[in-house]
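Participant: this is the structure alone, sequence omitted:
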């Protein structure tokens, strides 16, 4: 609990009224009743899954004094993993809501696109260690005029998608290059690949690829938001994939020098 200026206790989590909740849903969900119900269920499940896991580990840590230091570190590590998932979940949902609430403007600056990609990849250092996945970034310095925060977020959403599809011991490579006046960011993985029948749908908001190993926590917004950010720059995202071999997603941006 926290204290207000008049010393009254309050929670840092806002109490959402029914009216606020309806306005929130209106902002992010399509008007179709069935779609709204399905998507609201995905949001609820996506929040509940990591929270339930965190609560479970926390209860064990508090209740069992016989746990060794190594077991406590292991449980704390699992809690950190789930909290990272939750933060990313909220981030992509927040970005999607912002995109549905105009005006949504770019903050352009000249900066090194390769460094933007490196910074985006650095956010996954814990995932790299936990999953034993190789994450590589290459490319020469590449100065472009862009909203580097939004492009960095787009890259992170593509990396998140690759992590979800790539088994332990796999590889994710990112490369920045130039081609015919465009700046390119290639994100390739050695994951399970995307069936051709699903390729045309993967950028639809709330669309999730059906996989045997899905835990149900993915919201299906990351690729949609990534493409929206790239298209705000006049660019696009192209995809090539082979089931059982992997996927490459290619961000194409006007050079904008």
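Facilitator: Looks like it came in fine. For clarity, every value in this text was computed on a predicted model and none was experimentally measured. Numbers count the residues shown, from 1 in each chain.

Participant: so residue 56 is in which element?
Facilitator: Taking DSSP states H and E as the definition, residue 56 sits inside helix 33-63.

Participant: buried residues of the helix or strand following that helix, list them for me.
Facilitator: The first helix or strand that comes after helix 33-63 along the chain, using DSSP H and E, is helix 69-99. When neighbours are counted by 16 or more other Cβ atoms under 10 Å, the buried residues of helix 69-99 are found to be 75, 79, 81-82, 84-86, 88-89, 91-93, 95-96, 99. From N, CA and C alone the C-beta is placed, and that goes for glycine too.

Participant: now what about the helix or strand following helix 69-99, what contacts it?
Facilitator: Helices and strands here follow DSSP H and E; after helix 69-99, the next one along the chain is strand 109-112. Applying Cβ atoms under 8 Å, 6 or more residues apart in numbering, the set of residues contacting strand 109-112 from outside is 141, 142, 143, 144, 145, 146, 147, 148, 257.

Participant: again, but for stretch 52-61
Facilitator: Judged by Cβ under 8 Å, 6+ apart, the contacts made with stretch 52-61 from elsewhere in the structure are 67, 72, 75, 76, 78, 79, 82, 83, 86.

Participant: how near is the fourth one to residue 125?
Facilitator: Translated: residue 76. Distance of residue 76 to residue 125, computed by Cβ to Cβ, to the nearest Å: 17 Å.

Participant: likewise for the first one?
Facilitator: According to Cβ to Cβ, residue 67 stands 27 Å off from residue 125.

Participant: of the two, who's got more company?
Facilitator: In this comparison of residue 67 against residue 125, neighbours counted by other Cβ atoms under 10 Å, the higher total goes to residue 67 at 14 against 10.

Participant: so that one makes contact with residue 75?
Facilitator: Yes - with contacts defined as Cβ atoms under 8 Å, residue 67 counts as touching residue 75 at a distance of 7.4 Å.

Participant: show me which residues of the host helix or strand of residue 154 are buried.
Facilitator: Following DSSP H and E, one finds residue 154 within helix 148-165. Burial within helix 148-165, assessed by neighbour count using 16+ other Cβ under 10 Å, is assigned to 148, 150-165.

Participant: want to throw the contacts of strand 109-112 into CSV with pLDDT?
Facilitator: Formatted as CSV, the entries for the contacts of strand 109-112 read as follows, by pLDDT from 0 to 100:
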residue, pLDDT
141, 93
142, 92
143, 93
144, 95
145, 95
146, 96
147, 96
148, 97
257, 54
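
Participant: so which of the residues you listed comes closest to residue 131?
Facilitator: Closest to residue 131 out of the contacts of strand 109-112 is residue 148 (27.0 Å), distances taken as Cβ to Cβ.

Participant: measure the spatially most central residue of the chain to residue 223 for me?
Facilitator: Centrality entry for the chain: nearest residue to the mean C-alpha point is residue 157, 4.1 Å, by Cα atoms, centre = their mean. Applying Cβ to Cβ, one obtains 6 Å for the distance of residue 157 from residue 223.
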